[in-house]
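Undergrad: Here is a sequence with its predicted model. Questions after.
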Amino acid sequence: MISFHNLKQYKKILLLFLLILCVSSLLAPLVKIAVDFAVPKGALMADLLHYKHGSYDFGKVMRRIILGVTILVIFLFRKPLMINSLSTIGIKHTTGWWEHLQMGFFLSTGVFILYTSFLFITGTKILQVDAKSLGDLFFQLFKILLIAGLVGCIEEIFFRGFIFQSFLRNMHTVSAVCASSLFYSLLHFFRVKLLVSPGFQPFIGFKVIYQSFAHLLINFNTMMPTIIGIFLVGVVLSYACLRTNSLYFAIGLHAGWVFLIKTNILLFDHVGTNFRWLFGDSKVVTGVLGWGLLIVTLFLVRFVTKALSSETISSTDTKYK
């Protein structure tokens, strides 16, 4: 009988993914009881879950449950998953880590600004600031920056630090990059909006999981342009990890993209054109132009990390002279 410890790493990930979905589905009815009680009494939670006319979106609640269970499962199975320390997943003290973080952020924002400027010049985007005042604009930008940093850290630790590093143990590098990037892309669509009313529903968790899979399969062709775009994002971020042997550059890239995407929504309105195949839609990475810029970013990552590596070696040599 094959034990869990002896399984290949990617098979462990698959089994744990199924375990997480199962445990989350079993916990969902109990969590729903608490949410039923809390939503009508809390303005923040009511707004977050779109509480209206006695119903709210349990799909959002389920995603939080899955996140919590995922963290717990990874912690409990950290030894068979060979997660010995933070350095195992790429969070370690290295020379120039702050420079990597900054350069990743500035690289992604720089490319994105060029992209948005081109769309603005061609009339694909128009300026439409969604802020009540200048003070409100700066507050929203600051809030977006904090969210971008948090999302960049969490997603990179999980997808590149855990999933990608796990795949690298039993796969060739190219296969690991492609497999982890595809998983990263598809997981973005593993979500569904499900309105529920108060009351005990024992199978609500399994219902959300089923509808999430159904949503992905039924709308796969429609989602394909975005799936390709996010897949390329995953490839760029994985390559950044390989080039630096840490997560800092990838976290900077990721945070920069999130910051500019949300800022883009705040400042601009997307106008539909007859060249949607080229410009994509408001989701940014759905057109050929967006895909091309991601491929260009891949080459820029190589160039920038080579320059950073040379600079680090040069400063180290100077230090010991």
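TA: Alright, I've got the coordinates.

Undergrad: which regions of this structure sit below the pLDDT cut-off?
TA: The model of the chain has pLDDT under 70 over residues 1-2, 84-93, 272-275, 282-283, 309-321.

Undergrad: repeat that for 50
TA: Residues of the chain meeting the criterion pLDDT under 50: 315-321.

Undergrad: For it, just list every one of the strands.
TA: Ranges of strands in the chain, per DSSP state E, are 56-57, 125-127, 195-196, 268-270.

Undergrad: Can you list the strands that the third one pairs with?
TA: By that I understand strand 195-196. Under the criterion DSSP bridges, strand 195-196 sits next to strand 56-57 (antiparallel) in its sheet.

Undergrad: same question, the last one
TA: According to DSSP bridges, strand 268-270 forms sheet pairs with strand 125-127 (antiparallel).

Undergrad: What are the buried residues along the strand it pairs with?
TA: residue 125 (16 or more other CB atoms under 10 Å). To be clear about C-beta, it is placed using only N, CA and C from the backbone, and glycine gets the same treatment.

Undergrad: Quick one: distance of it to the chain centre.
TA: 26 Å (CA atoms, centre = their mean, to the nearest Å).

Undergrad: And for stretch 132-141?
TA: Centroid separation between stretch 132-141 and its chain, computed with CA atoms, centre = their mean, is 26 Å.

Undergrad: Restrict that stretch to CA atoms and write it as PDB.
TA: C-alpha atoms of stretch 132-141 as PDB (Å, rounded to 0.1, in the frame of the first residue of the first chain):
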ATOM      1  CA  LYS A 132     -15.900  62.200  -4.900                       C
ATOM      2  CA  SER A 133     -12.900  64.500  -4.200                       C
ATOM      3  CA  LEU A 134      -9.200  64.700  -4.500                       C
ATOM      4  CA  GLY A 135      -8.800  63.600  -0.900                       C
ATOM      5  CA  ASP A 136     -11.100  60.600  -1.600                       C
ATOM      6  CA  LEU A 137      -9.000  59.800  -4.700                       C
ATOM      7  CA  PHE A 138      -5.700  59.700  -2.700                       C
ATOM      8  CA  PHE A 139      -7.400  57.600   0.000                       C
ATOM      9  CA  GLN A 140      -8.600  55.100  -2.500                       C
ATOM     10  CA  LEU A 141      -5.200  54.900  -4.100                       C
END
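
Undergrad: which residue ranges form the helices in the stretch 101-250 of the chain?
TA: Remark: helices assigned in the stretch 101-250 of the chain by DSSP state H, counting those that start in this stretch are 134-155, 165-170, 173-187, 204-218, 220-244, 248-267.

Undergrad: which of those is buried the deepest?
TA: Among the helices of the stretch 101-250 of the chain, ranked by average contacts under mean count of other CB atoms under 10 Å, first place goes to helix 248-267 (a mean of 23).

Undergrad: Okay, angle between it and helix 134-155 too, please.
TA: 150 degrees (axes from the mean of the first three to the mean of the last three CA atoms, to 10 degrees).

Undergrad: Can you give the distance of helix 248-267 from its chain's centre?
TA: Taking mean C-alpha positions (CA atoms, centre = their mean), helix 248-267 and its chain are 11 Å apart.

Undergrad: just use 549 as the starting number from now, easier for me
TA: Right, with 549 as the first residue, what we last looked at is helix 796-815.

Undergrad: How many residues are close by the closest residue in space to residue 555 that isn't next to it in sequence?
TA: Using CB to CB, 6 or more residues apart in numbering and skipping the chain neighbours, the partner closest in space to residue 555 is residue 563 (7.4 Å). Neighbours of residue 563 under the rule other CB atoms under 10 Å: 13.

Undergrad: can you check residue 743 too?
TA: Around residue 743 there are 15 residues (other CB under 10 Å).

Undergrad: Who are the contact partners of it?
TA: Residues in contact with residue 743, defined by CB atoms under 8 Å, 6 or more residues apart in numbering, are 603-606.

Undergrad: Just the buried ones among these, please.
TA: Buried among the contacts of residue 743 (16+ other CB under 10 Å): 604-606.

Undergrad: Looking at the residues you listed, which one is closest to residue 552?
TA: Closest approach to residue 552 among those (CB to CB): residue 606, at 31.7 Å.

Undergrad: for that closest one, what are its contacts?
TA: Counted by CB under 8 Å, 6+ apart, residue 606 has contacts 576, 580, 583, 597, 742-744, 752, 756.

Undergrad: try 6 Å
TA: Residue 606 makes contacts with 742, 744, as judged by CB atoms under 6 Å, 6 or more residues apart in numbering.

Undergrad: likewise residue 576?
TA: 613, 752-753.
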